[in-house]
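1. Pasting the sequence and the predicted coordinates here, then a few questions.
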Amino acid sequence: TRKNSEIRVMVLEHLHLLHFKNHTGSDLAFGEQVNCLLGDNGSGKTNVLDAVHYLCHTKSYFNPIDAQNIAHQEGQMLIQGEFLRNDQKERVSCAVERGVKKVFRRNDKAYDRLADHIGRFPAVMIAPADSVLIQEGSEVRRRWIDSVISQFDREYLTQLLAYNKALNQRNILLRYFAENRRWDAEAIEPWDAQLVPLASSIRRKRAEFVERFSPAFEETYREITNGAESVCIRYLTKVPEQDQEFQRQLIAAQGDDRQLRRTTVGIHKDELSLELGEYPIKRFGSQGQQKSFLIALRLTQLAYIEEATGVKPILLLDDIFDKIDDKRVQALMTWVTKGEFGQVFITDTDLERIPRMFRDIGADVRVFEVERGGVNPYDSNSVAPDALT
């Protein structure tokens with residue numbers, strides 16, 4: 001376990017938005033601890049959180065198609081942020097122009113590969129959209145585990161990209177054979193030779209991650225629910241531990257591959273089983289239980305990344321009151337301000353609720369009111385906010 005002195009806080013000090021979604025031009029100066037963005041639904045407060053996510057993960061949390069995040073009738077967008085990381089000032093920007101490749105820069109130098117940015121500025125989002133982790137198919141949960149591990153394991157990300165590239169080429173070949181009514185097993189062999197060692201390593205790292213992650217997740221869930229019930233995450237895979245066994249599995253599946261025109265075995269078929277007690281939370285968990293499950297999952301993710309990287313990730317809490325009662329949110333806010341977290345961003349539709357909570361807790365908080373894409377610092381004790389300069 002890292003000593004507290006080894007954990008470094010990362011802070012986003014300034015954010016500039018130009019033609020990003022409904023923000024025609026916003027400049028924000030953030031506090032080091034808690035930043036509240038308050039406003040009606042559709043005002044643009046969630047878009048601020050998404051812009052922070054963009055700078056940390058090179059993409060939107062809500063819409064991965066870059067051009068669709070440009071404001072209507074505009075030709076380009078810009079997100080720019082100034083971070084304090086490891087006592088060093090760093091500037092990160094993302095520029096998107098319609099019909100042109102996205103340009104991502106750190107300290108004014110463009111990245112050749114976006115993957116090189118992943119993990120440098122860790123951030124974790126908790127949002128109502130997280131429900132897809134429970135409600136949707138296994139692909140969503142695989143993306144989650146891949147995203148978390150990639151934040152602290154560069155080799156894993158490299159192997160995952162290589163696996164997906166080889167898998168895509170193998171599937172293209174399978175479709176070519178089907179369309180031309182032919183088969184050439186020898187042509188498949190080079191792609192199998194690439195997939196086998198990559199799959200074995202990815203499988204091992206996923207299994208190790210879940211084994212280490214699960215106890216902390218279960219403890220976090222107990223804390224935020226007062227031990228109401230037990231939860232579990234299990235990693236399910238049909239990929240054998242031994243390379244030779246997976247090689248034989250690929251050969252044995254060639255008949256199904258030919259018929260379905262795609263690779264039917266491999267780590268791209270792995271699953272995470274999310275359970276409440278001994279049953280799938282998707283079927284047997286209430287909305288409140290599912291939301292608590294997801295919050296515990298994300299908070300454990302944040303703590304795990306901090307432990308692995310030595311940097312406190314930014315925590316983004318979007319509409320945290322959705323399906324969660326005030327008492328439970330109050331407990332979460334108290335936990336957030338204990339000093340265990342780094343910089344926190346929170347959105348809410350109520351102008352008084354969260355500021356009042358933080359006044360009661362005695363936390364350092366900076367509050368903004370968001371209205372039609374405009375952002376103003378807000379004093380909950382005053383009648384109207386002052387204009388942002």
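-> Thanks, I have it.
2. tally of neighbours for Ile110?
-> Quick fix: residue 110 reads Ala, not Ile. Ala110 has 10 neighbouring residues, counting by other CB atoms under 10 Å. The C-beta positions use only the backbone N, C-alpha and C, and glycine is treated the same way.
3. what do you get for Thr158?
-> Around Thr158 there are 14 residues (other CB under 10 Å).
4. cool, Ile233 as well?
-> 19.
5. My read is that Asn41 contacts Thr349, right?
-> Yes. The pair Asn41 and Thr349 qualifies as a contact (CB atoms under 8 Å) at a distance of 6.2 Å.
6. Look at these two and report which has more neighbours.
-> Neighbours were counted for Asn41 and for Thr349 using other CB under 10 Å; Thr349 has more, 14 against 8.
7. so the closest residue to Gln242 other than its chain neighbours is in which element?
-> Distance criterion CB to CB, 6 or more residues apart in numbering; nearest residue to Gln242, sequence neighbours excluded, is Ser200 at 7.7 Å. Taking DSSP states H and E as the criterion, Ser200 maps to helix 185-225.
8. What pairs with whichever helix or strand comes after that helix, parallel or antiparallel?
-> Next along the chain after helix 185-225, taking DSSP H and E as the criterion, comes strand 231-236. Using DSSP bridges, the strands paired with strand 231-236 are strand 271-276 (antiparallel).
9. Name the residues that touch the next helix or strand after the partner strand?
-> Where DSSP H and E defines the elements, the next helix or strand beyond strand 271-276 is strand 279-280. With contact meaning CB atoms under 8 Å, 6 or more residues apart in numbering, strand 279-280 is reached by Ser273, Leu274.
10. Stretch 140-154 now?
-> 57, 118-119, 122, 132-133, 156-157, 160, 205-206, 209-210, 268, 270-272, 274, 301, 304-305, 308-309, 313.
11. Filter those down to the buried ones, ChimeraX style.
-> Selection of buried members from these for ChimeraX, criterion 16 or more other CB atoms under 10 Å:
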select :57,118,119,122,133,156,157,160,205,206,209,210,268,270,272,274,301,304,305,308,309,313
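12. how close does Phe345 get to Asp364?
-> 14 Å (CB to CB, to the nearest Å).
13. neighbour count winner among the two?
-> Phe345 (24 against 10).
14. Any idea what Lys312 is bridged to?
-> Residues in beta-bridge contact with Lys312 (DSSP bridges): Val9.
15. Just after the helix or strand of the chain with the lowest mean pLDDT, pick out the following helix or strand.
-> Scoring the helices and strands of the chain by mean pLDDT, DSSP states H and E places helix 326-336 at the bottom, with a mean of 69. Once the chain leaves helix 326-336, the next helix or strand it forms, by DSSP H and E, is strand 344-348.
16. Direction included, what does that next one pair against?
-> Partner strands for strand 344-348, per DSSP bridges, with pairing direction: strand 34-38 (parallel), strand 314-317 (parallel).
17. Tell me who's in contact with His19.
-> Gly25, Ile70, Ala71, Glu74, Gln76, Met77, Leu78.
18. ugh, typo on my part, it should be Lys45
-> With CB under 8 Å, 6+ apart, Lys45 has these contacts: Leu37, Leu38, Gly39, Thr347, Val370.
19. Ile305 now?
-> Pro122, Val124, Val148, Gln151, Phe152, Val311, Pro313.
20. ok so, going back, can you add pLDDT, distance to His19 and neighbour count and give the contacts of Lys45 back as JSON lines?
-> Formatted as JSON lines, these follow (pLDDT from 0 to 100; distance: CB to CB, whole Å; neighbours: other CB atoms under 10 Å):
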{"residue": "Leu37", "pLDDT": "93", "distance to His19": "19", "neighbour count": "26"}
{"residue": "Leu38", "pLDDT": "92", "distance to His19": "23", "neighbour count": "24"}
{"residue": "Gly39", "pLDDT": "90", "distance to His19": "19", "neighbour count": "25"}
{"residue": "Thr347", "pLDDT": "93", "distance to His19": "21", "neighbour count": "26"}
{"residue": "Val370", "pLDDT": "92", "distance to His19": "16", "neighbour count": "25"}
